[in-house]
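Asks: the following block contains a protein sequence and its predicted model.
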Amino acid sequence: MAKSKESVDIEIRRGSLLENGDNEEPKKDEEEGWGNKTQFILACIGLAVGLGNVWRFPYLLQKNGGGAFLIPYFLMLLIEGLPMMYVEMAIGQYFRGGSIVSWEKIHPSLKGVGICCVAISSFLCVYYVMVIAWTLNYLWVSLRPVPPYAGCEYTEDVCCTYDKTLFYWYTVVLQASPSIDDGGDGVAWHLVIFLILAWIVTYLCVFQGVKSTGKAAYFAATFPYVCLLILLIRGVTLPGADIGLKALFSPKWERLGDPRVWIAAATQTFFSLSLGFGALVAFASFMPYKNNVTHDAILVALVNSFTSVLAGLCIYSILGFRSKMTGVDIDKVEAGTGLTFIAITEAVSQMAGTPFFAFVFFFMIFNLGISSQFGTLAGLMTPLYNDLKLFGTARKELCVALLAVVFLLVGLMFTPGNGQYIFTLFDNYPVTMPLLVVGVTEIIATGWIFGIENFDKAIQDMTGAPCPRYFKICIKYISPAVMVFLLAWLLIYSMINVDTYAAFVNCNPDDALMPNTTMKFTEEKKLPQWARVMGGFMILICVLPVAVYGVWKHMTLEEIKQAIYGRRVYEIGECPKNSGNGGDVKVNYAVHDDGNNHYDSAQ
């Protein structure tokens, strides 16, 4: 093959990207892989279907036009979410590596994208498990005949009977301080215990790599649907359920003219599918090369969206019951912990058979959280263990244990009185803008640097059918435009808005005799300078590798011209397991290897 002067010859040995003359790296363990395709699909569903489907989507649906919001939501799923999921799964399956190796094989300048995915996933693993710890706390107390959040027996001090569940959440579970600068009474030891338990469960689901992850997915990814069904049947039969469902689905067509509704739909689509973390790339890398990745991506994306709508029916039928019983306006609910640990908890506490339905609800939340947590950790271990060889030849079980202990120690910062406020920093900074940076880079790298023509050939080589035209148009043109717009909007929004947090300020004892009084338990406070610097530093840690490798291993002018005009050439096809030269091949830019004997030579 004739090469331009600027072209770079890269020698690939057994799937590892090595520049001319480098020593061969150890081969990926051939025995590691999914037990069957069902495990892979369930693990991807467990990763994608998480807490956001339960505590964010229903809230966005009700706040942004009810049934009308489904139009921008499903449109964004088609032109943004589904193409991105397709890209990540296909790239992982094709290049047979984690996020670092896979993107580096497209071009060395893209190695920073994989490192960015590792950084984002690390931050997520550190703080996301805290939600599981909170949930374990509620699971434990829900076993009592009368859960403590249903009354005021847990305290000898004044209890805010106006909103007992909110008061319990802040004063007993979080032991919240009135400011992010105030650590309160120090570490809440009950949270430390539950945090340790959460990490033990996570470790048991991950310690053998995808083997244990696949087995854990059978239960963790399916049981939440049993819980959802139980709660849905109970919810729609409660008095006032019609109030909630009407508030949820009554279309407000005029809201479609508000650009914020479309932005909310686009961001929810991107974040709810767990895109940009690198876990989907890692999971797909363990699938057989000859696997129909097109069907897999469509199935997982549709199941995720179906779950969001199902959760909306369940949550808002229960919130309608709460509104009828307490007189609290159904609009007075917030997404996130406010919905899960306050509003829904209050509604469940007023049902007949409270302990049972409370346990079912929190066990569902636990399974949704743990499946996303161990999925992210498993996806993180692949680039750390296989791509970077960070742990050398140490056993994977010990490496996972070491990582879990480190993350546990860092996560202790969420257990003092100001822990939830620091939790919010992690939730708002390293997993928002950096994820969009990864998304923009990945979709442009696939459609333009790797090239949609090469991507099409790779899909055809893996599946036996060409990439659907719809995907090709979205990947090359529509999805990059949507992603760039979202990133620009987030940058502008961040610059013009002052970062605040909701600080707990307790309640007035006199309100105990005024059940219908409009009152606030929290007040918005500006983040102190150190918190904003901390948030900015976390963003910098994530996105800096993209910039560093983009400059250090930058594309030459000739390569840029090739990308623009679609003339970059990649060898498409598998590397044979046993070839005359020991499996070594010399290609321009990229190759892949799954270690099997079904070789289709590129012509």
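Replies: Received it, and whenever you're ready, just let me know what you need. Residues are numbered from 1 along each chain as shown.
Asks: name the nearest residue to Glu369, sequence neighbours excluded.
Replies: Careful, residue 369 is Gly and not Glu. The shortest distance from Gly369 to any residue other than its chain neighbours is 4.4 Å, reached at Ile132 (CB to CB, 6 or more residues apart in numbering). In short, each C-beta sits where N, CA and C put it, glycine included.
Asks: quick check: pLDDT value at the one you found.
Replies: pLDDT for Ile132: 95.
Asks: could you double-check that it sits in contact with Leu368?
Replies: No - using CB atoms under 8 Å, Ile132 is not in contact with Leu368; the gap is 9.5 Å.
Asks: if you count what's nearby, which of these two comes out ahead?
Replies: Leu368 (29 against 26; other CB atoms under 10 Å).
Asks: where does the stretch 451-600 of the chain dip in pLDDT?
Replies: Counting by pLDDT under 70, the ranges of the stretch 451-600 of the chain that qualify are 507-520, 574-600.
Asks: now do the strands in it.
Replies: 500-504, 522-526, 584-588 (DSSP state E, counting those that start in this stretch).
Asks: tell me the gap between the first one and the middle of its chain.
Replies: In other words, strand 500-504. 24 Å (CA atoms, centre = their mean, to the nearest Å).
Asks: I'd like to know which elements that strand is packed against.
Replies: Packing contacts for strand 500-504, counted by 3 or more CB pairs under 8 Å, 6 or more residues apart in numbering; DSSP states H and E, involve helix 419-428, strand 522-526.
Asks: which strands or helices does the first one pack on?
Replies: So the one you mean is helix 419-428. When contacts are defined as 3+ CB pairs under 8 Å, 6+ apart, helix 419-428 packs onto helix 111-141, strand 500-504, helix 529-552.
Asks: report the distance from it to the chain centre.
Replies: 16 Å.
Asks: tilt between the helix or strand just after that helix and helix 529-552?
Replies: Toward the C-terminus, helix 419-428 is succeeded by helix 433-444 as the next helix or strand (DSSP states H and E). Interaxial angle, helix 433-444 versus helix 529-552 (axes from the mean of the first three to the mean of the last three CA atoms, to 10 degrees): 20 degrees.
Asks: residues of the lengthiest helix in the chain that come out buried?
Replies: Counting by DSSP state H, the longest helix found in the chain is helix 293-326. Buried residues in helix 293-326, counted by 16 or more other CB atoms under 10 Å: 293-294, 296-298, 300-301, 303-305, 307-324, 326.
Asks: quick check: mean pLDDT of it?
Replies: 91.
Asks: for stretch 171-191, same thing?
Replies: The model assigns stretch 171-191 a mean pLDDT of 92.
Asks: equivalent analysis for stretch 206-220, please.
Replies: On average, stretch 206-220 scores 86.
Asks: give the buried residues for that stretch.
Replies: 206-217, 220.
Asks: what sits up against stretch 64-71?
Replies: 60-61, 247-256, 258, 260-261, 264-265, 309 (CB atoms under 8 Å, 6 or more residues apart in numbering).
Asks: again, only this time at 7 Å
Replies: 60-61, 248-253, 255-256, 261, 264-265 (CB atoms under 7 Å, 6 or more residues apart in numbering).
Asks: which one (most neighbours) among those residues?
Replies: Going by other CB under 10 Å, Leu61 tops the contacts of stretch 64-71 with 27 neighbours.
Asks: list the buried residues for the helix or strand that one falls within?
Replies: In this structure, Leu61 sits in helix 57-63 according to DSSP H and E. Residues of helix 57-63 classed as buried: Phe57, Pro58, Tyr59, Leu60, Leu61, Gln62, Lys63 (neighbour count, 16+ other CB under 10 Å).
Asks: before we move on, what about stretch 377-385?
Replies: Leu377, Ala378, Gly379, Leu380, Met381, Thr382, Pro383, Leu384, Tyr385.
Asks: with stretch 284-293 instead?
Replies: Per 16+ other CB under 10 Å, stretch 284-293 contains these buried residues: Ala284, Ser285, Phe286, Met287, Tyr289, Asn291, Asn292, Val293.
Asks: dump the residue contacts of the first one.
Replies: The one in question is Ala284. Here Ala284 is in contact with Met89, Gly92, Gln93, Val293 (CB under 7 Å, 6+ apart).
Asks: and of those, the nearest to Ile100?
Replies: Gly92 (11.5 Å; CB to CB).
Asks: which SSE is the nearest residue to the closest one once chain neighbours are set aside in?
Replies: Leaving aside its chain neighbours, Gly92 sits nearest to Ala284 (3.3 Å; criterion: CB to CB, 6+ apart). Per DSSP H and E, Ala284 falls inside helix 279-285.
Asks: OK, contacts around Val546?
Replies: Contacts of Val546 by CB under 7 Å, 6+ apart are Gly112, Val113, Cys116, Val437, Thr441.
Asks: quick one: residues contacting the first one.
Replies: Yep, that's Gly112 we're talking about. Pro545, Val546, Val548, Tyr549, Gly550.
Asks: where's the first one relative to Lys553, distance?
Replies: Just to be clear, that refers to Pro545. 11 Å (CB to CB, to the nearest Å).
Asks: so the two - more neighbours on which side?
Replies: Shown here are Pro545 and Lys553; by other CB under 10 Å, Pro545 has more neighbours (19 against 15).
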